[in-house]
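Q: After the sequence you'll find the predicted model.
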Amino acid sequence: QVQLVESGGGLVQAGGSLRLTCAASVRTFSRYFMGWFRQAPGKEREFIASIAWTSTYFAESVKGRFAISRDNAKDTVDLQMNSLKPEDTAVYYCAAKLGLVPTTEVNDYDYWGQGTQVTVSS
């Protein structure tokens, strides 16, 4: 069983930064492909970023503003969010998929965290 716990969300002004962290309780974290998604009220959950070991992938809406990294020694994956915009407001979820084949599809991920709220004020 894999447990994912997100932290680092909060309220920030437009143009500001936040760093989200996902801590995984798993025996072989390095075998998991990790992703970040978000869901705004009334909208579907959408892909934001993902990482294999060093290969990273981003949605066009966040490319150049967000960065993703992982620490296989600490079993964590971080999402650094810069130049935040009000439209980035959402609940952000960490997700894990066994195996390192890249995917942006919600249904391809096996485990999810409970989410952390990010609110960007204008």
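A: All right, it came through fine.

Q: Only the buried residues of the stretch of helix or strand residue 36 belongs to, if you could.
A: Residue 36 belongs to strand 32-39 when assigned by DSSP states H and E. Neighbour counts using 16 or more other C-beta atoms under 10 Å place 32, 33, 34, 35, 36, 37, 38 of strand 32-39 among the buried residues. From N, CA and C alone the C-beta is placed, and that goes for glycine too.

Q: show me the contacts for the residue sitting nearest the centre point of the chain.
A: The chain has residue 36 as the residue nearest its centroid, 2.3 Å off, counting by C-alpha atoms, centre = their mean. Contacts of residue 36 were listed using C-beta atoms under 8 Å, 6 or more residues apart in numbering, and they are 20, 22, 48, 49, 50, 68, 77, 79, 92, 93, 94, 95.

Q: Surely residue 72 and residue 30 touch.
A: Yes - using C-beta atoms under 8 Å, residue 72 makes contact with residue 30 at a distance of 4.4 Å.

Q: now the strands for this structure?
A: 3-7, 10-13, 18-25, 32-39, 46-51, 56-58, 66-71, 76-81, 90-98, 111-112, 116-121 (DSSP state E).
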